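Chemist: Give me the fold of what follows.
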Amino acid sequence: MKMSLYDEQCARDFELMESRIDHFFAEMAVECPYHLPHDARFYQALFSPLSDRAMELFLASGYRRNGNCLYTMHCPDCSACVPIRLHPQEMKLNRNQRRVLKKNQDIEVEFAPITASEENIRLCEKFLRSRYPHKYNDGKSYYKGFFLNRIIPGMEFRFRLRGRLVGTGIVDVGQNWMNAVYFYFDPDEASRSLGTFNILSMIETCLKLDISYLYLGYYIEEVAAMNYKRRFDPHYLYLDDGWRKIDKLT
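Modeler: Down below sits the predicted model:
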């Protein structure tokens, strides 16, 4: 698998950076957050503000952000979590994605700094109660411990239907990259495919801002809420320590 010049440079720069920060990382074993039948092992470290380039190198090396932690997966019995990336300038929308755009042409899209507003927290909690009804899941905790951070500037996409908030997408944004952190929506509007619409909105914004790399988190074949990302054509999967282009799988 031949790496692009960009990825080759990122890999070299990350190797130099990693040698200086590796001792900050530790492994933490927990129950799999995606309910797969394996223990999950997070390799993670807490960070203060990072430069745009440092965050770019972490993302290009398959790392993710959760609050003030950066992490990657070191699960001994599972390799289901595969980082996925889009190159917005290459995207070719399929028939279903064009239908989603048409279906949501009445949605107003806002792009603004992350805000732990009452309406955001209410919608987040409604989503969590419907999709992930765990005892300790609540909107305030998600904002305080997950979305807001001291590492890198964060933004959010707000989707409104006649003024009513129906979805919010949390992203990190750099000079040449965008990182999707989380998306929640009104379960009553599930027929609108707002998860797909959120990604389409990110692609459009990346094109406007001349951003070349859009990181979508993990692609997990066995998890429906995570495998729809493969329908974006082409996409790149981080396999064997390199990004591999996957085309025409939609």
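Chemist: mind listing what the residue in the chain sticking out farthest from the centre touches?
Modeler: The outermost residue of the chain relative to its centre, with distances by Cα atoms, centre = their mean, is R162 at 27.0 Å. By Cβ atoms under 8 Å, 6 or more residues apart in numbering, the contact list for R162 reads D106. For glycine as for every other residue, the C-beta is placed from the backbone atoms N, C-alpha and C.
Chemist: Now do it, the pLDDT please.
Modeler: Per-residue confidence (pLDDT) for R162: 97.
Chemist: Looking at the backbone only, give me phi and psi for it.
Modeler: phi 50, psi 40 (degrees, to the nearest 10).
Chemist: By mean pLDDT, flag the weakest helix or strand of this protein.
Modeler: helix 224-227 (a mean of 87; mean pLDDT, DSSP states H and E).
Chemist: show me where the chain has strands.
Modeler: 26-31, 39-46, 64-66, 69-73, 82-86, 107-113, 154-161, 164-173, 177-185, 213-219, 235-239, 242-246 (DSSP state E).
Chemist: Adding mean neighbour count and distance to E18, write those strands out as CSV.
Modeler: Output for the strands of the chain, formatted as CSV (neighbours: other Cβ atoms under 10 Å; distance: least, Cβ to Cβ, whole Å):
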stretch, mean neighbour count, distance to E18
strand 26-31, 10, 15
strand 39-46, 17, 11
strand 64-66, 21, 16
strand 69-73, 19, 11
strand 82-86, 22, 16
strand 107-113, 13, 30
strand 154-161, 19, 24
strand 164-173, 21, 20
strand 177-185, 22, 18
strand 213-219, 21, 18
strand 235-239, 20, 15
strand 242-246, 17, 16
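Chemist: Out of those, which is closest to F147?
Modeler: strand 164-173 (4.8 Å; Cβ to Cβ).
Chemist: Let me know the angle separating that closest one from strand 177-185.
Modeler: 160 degrees (axes from the mean of the first three to the mean of the last three Cα atoms, to 10 degrees).
Chemist: and strand 164-173, what does it pack onto?
Modeler: helix 118-131, strand 154-161, strand 177-185, helix 194-209 (3 or more Cβ pairs under 8 Å, 6 or more residues apart in numbering; DSSP states H and E).
Chemist: ok, back up a step: in the least confident helix or strand of the chain, which residues are buried?
Modeler: Across helix 224-227, burial judged by 16 or more other Cβ atoms under 10 Å covers M226.
Chemist: Stretch 9-29 now?
Modeler: C10, A11, D13, F14, F25.
Chemist: Any idea which residue is closest to the centre of this protein?
Modeler: Closest-to-mean residue, the chain, Cα atoms, centre = their mean: A180 / 2.9 Å.
Chemist: picking that back up, could you point out which of the strands of the chain sits nearest F127?
Modeler: Across the strands of the chain, closest to F127 is strand 177-185 (Cβ to Cβ), at 4.0 Å.
Chemist: Contacts for that closest one, please.
Modeler: With Cβ under 8 Å, 6+ apart, strand 177-185 has contacts from 55-56, 59, 65, 123-124, 127-128, 142, 146-147, 154, 159, 166-173, 194-195, 198-199, 202, 205-206, 211-217.
Chemist: can you pull the contacts of the nearest residue to R122 once chain neighbours are set aside?
Modeler: Spatial nearest neighbour of R122, excluding adjacent residues (Cβ to Cβ, 6 or more residues apart in numbering): G139 at 7.0 Å. Going by Cβ under 8 Å, 6+ apart, G139 touches N120, I121, R122, L123, C124, E125, L128.
Chemist: Would you agree M91 is in contact with C206?
Modeler: No. Using Cβ atoms under 8 Å, M91 is not in contact with C206; the gap is 9.3 Å.
Chemist: Turn the contacts of G139 into JSON lines, including distance to Y238, pLDDT and neighbour count.
Modeler: Converted to JSON lines, the contacts of G139 look like this (distance: Cβ to Cβ, whole Å; pLDDT from 0 to 100; neighbours: other Cβ atoms under 10 Å):
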{"residue": "N120", "distance to Y238": "30", "pLDDT": "97", "neighbour count": "21"}
{"residue": "I121", "distance to Y238": "33", "pLDDT": "97", "neighbour count": "17"}
{"residue": "R122", "distance to Y238": "35", "pLDDT": "97", "neighbour count": "12"}
{"residue": "L123", "distance to Y238": "31", "pLDDT": "97", "neighbour count": "23"}
{"residue": "C124", "distance to Y238": "28", "pLDDT": "96", "neighbour count": "24"}
{"residue": "E125", "distance to Y238": "32", "pLDDT": "95", "neighbour count": "17"}
{"residue": "L128", "distance to Y238": "28", "pLDDT": "93", "neighbour count": "18"}
